[in-house]
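# Please work out how this folds:
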Amino acid sequence: MNEIISMELNILKNLKYEIITASPYQFLTILFQNLKEIDRKKDEIIYLAQYILELSLLEYKMLKFPASVKACAALYIARKLLKYENSWSKELKNVFQIYDGVLRTCAKEFTELVNFGNKTILKSLRNKYMSERFLGVYKIVENFSK
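You can find the predicted model right below:
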């Protein structure tokens, strides 16, 4: 057992203890900071994207996507739900260089999660995003699935 711990310590020392990875939420924050458009829906977009990302935490199949792709796809779906004419603008494409095919695949998976999430018992997540603090954005998702 001591050998394993010793090896782990050697690995950590060689990595200089730099083992932190970025989360999808951090990438979402970067994307959101790069949005220049200012409108009343800006808070709704971020909360919807957060809801979608939280849904993905429960799904093993979403592990195949990097955090940056998940953030981009969540923002894309949130803008779609809010009926933005241009859900994935040039402005957003410039922030992260992500291939459309990968983004579409991830967005499709998120859409399935959003539809499935409305039919399952995710009460705590649903209640969180129905609250006034999150502007009741769950209602937008709920209406989408009907």
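# C-terminal to the helix or strand bottoming out on mean pLDDT in the chain, which secondary structure element comes first?
Among the secondary structure pieces of the chain, namely its helices and strands, helix 90-95 has the lowest mean (mean pLDDT, DSSP states H and E), a mean of 63. Reading on from helix 90-95 to the C-terminus, the next helix or strand found by DSSP states H and E is helix 100-119.
# can you give me the helices in the chain?
All helices of the chain, identified by DSSP state H, fall at 2-14, 24-33, 42-56, 67-81, 90-95, 100-119, 123-130, 138-145.
# ok, and which of these has the densest surroundings?
Each of those was given a mean neighbour count from mean count of other CB atoms under 10 Å, and the largest, a mean of 24, is that of helix 67-81. C-beta: built from backbone N, CA, C; applies to glycine.
# Next, the angle helix 100-119 makes with that one.
60 degrees (axes from the mean of the first three to the mean of the last three CA atoms, to 10 degrees).
# how close does Ala74 sit to Leu58?
Between Ala74 and Leu58 the computed distance is 14 Å (CB to CB, to the nearest Å).
# Tell me where the model's unsure across the chain.
For the chain, residues meeting the criterion pLDDT under 70 lie at 1, 35-40, 87, 89-99, 117-121, 143-146.
# Just want the most central residue of it.
Among the residues of the chain, the one closest to the centroid is Leu53, at 3.3 Å (CA atoms, centre = their mean).
# Just to check, that residue is in contact with Leu28?
Yes. The pair formed by Leu53 and Leu28 meets the contact definition of CB atoms under 8 Å, at 6.7 Å.
# who touches both of those two?
Ala71, Ala74 (CB atoms under 8 Å, 6 or more residues apart in numbering).
# start to end distance for stretch 116-130?
The stretch stretch 116-130 measures 17 Å between its terminal residues, going by CA to CA, to the nearest Å.
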